[in-house]
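Enquirer: Okay, predicted coordinates and the sequence, questions at the end:
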Amino acid sequence: MTVGSSSGDSPPLPHRSDTDRLRPTDPSRYLDTLAFTVRGVWTVTLAGVRPFAFWAAVMLPLLYLPLLYGVGTGQDTALFLELVAWHVASIVLGHGHTPFWSR
């Protein structure tokens with residue numbers, strides 16, 4: 001009897017085929033991770049911005065009054081349209097905010 005290993009002593013090595021080496025990565029896994037990250041960042045950002053947007057939506061209509069009565073010069077139309085755009089954005093972003101006294 002000889003010392004050493006024979007082919008019957010050890011299990012066979014796994015055979016790697018060409019398809020194992022060239023297997024593409026699954027892009028849906030990366031897209032899921034990206035979507036999860038973006039959703040998390042959006043949630044954290046919105047949680048910080050929502051109270052300010054809510055109160056801006058409450059207070060911005062007070063600025064309509066001087067513009068509607070013609071206070072100012074020349075660029076009132078552009079200023080009014082910009083104010084309306086800011087007001088709509090603050091309404092959309094601040095929509096889900098609940099003031100502390102309403103909880």
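Expert: Now that the structure is in, tell me what you want to look at. Numbering: from 1, shown residues only.

Enquirer: for this structure, what helix or strand is lowest in average pLDDT?
Expert: Least confident helix or strand, the chain: helix 18-21 with a mean of 56, by mean pLDDT, DSSP states H and E.

Enquirer: buried residues in the next helix or strand after that one?
Expert: Tracing the chain past helix 18-21, the next element assigned as helix or strand by DSSP states H and E is helix 27-59. The neighbour-count check on helix 27-59 (16 or more other CB atoms under 10 Å) flags 50, 53-54, 56-57 as buried. Placement of C-beta: from N, CA and C, glycine included.

Enquirer: Show the average pLDDT along the one helix or strand Leu67 maps to.
Expert: Applying DSSP H and E as the criterion places Leu67 in helix 61-68. On average, the pLDDT along helix 61-68 is 82.

Enquirer: could you dump that helix to CSV, C-alpha only?
Expert: C-alpha atoms of helix 61-68 as CSV (Å, rounded to 0.1, in the frame of the first residue of the first chain):
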residue,chain,number,x,y,z
PRO,A,61,-52.4,83.9,1.1
LEU,A,62,-51.8,86.9,3.3
LEU,A,63,-49.3,88.1,0.6
TYR,A,64,-52.1,88.0,-2.1
LEU,A,65,-53.9,90.9,-0.6
PRO,A,66,-51.3,93.6,-1.4
LEU,A,67,-50.9,92.3,-4.9
LEU,A,68,-54.6,92.1,-5.6
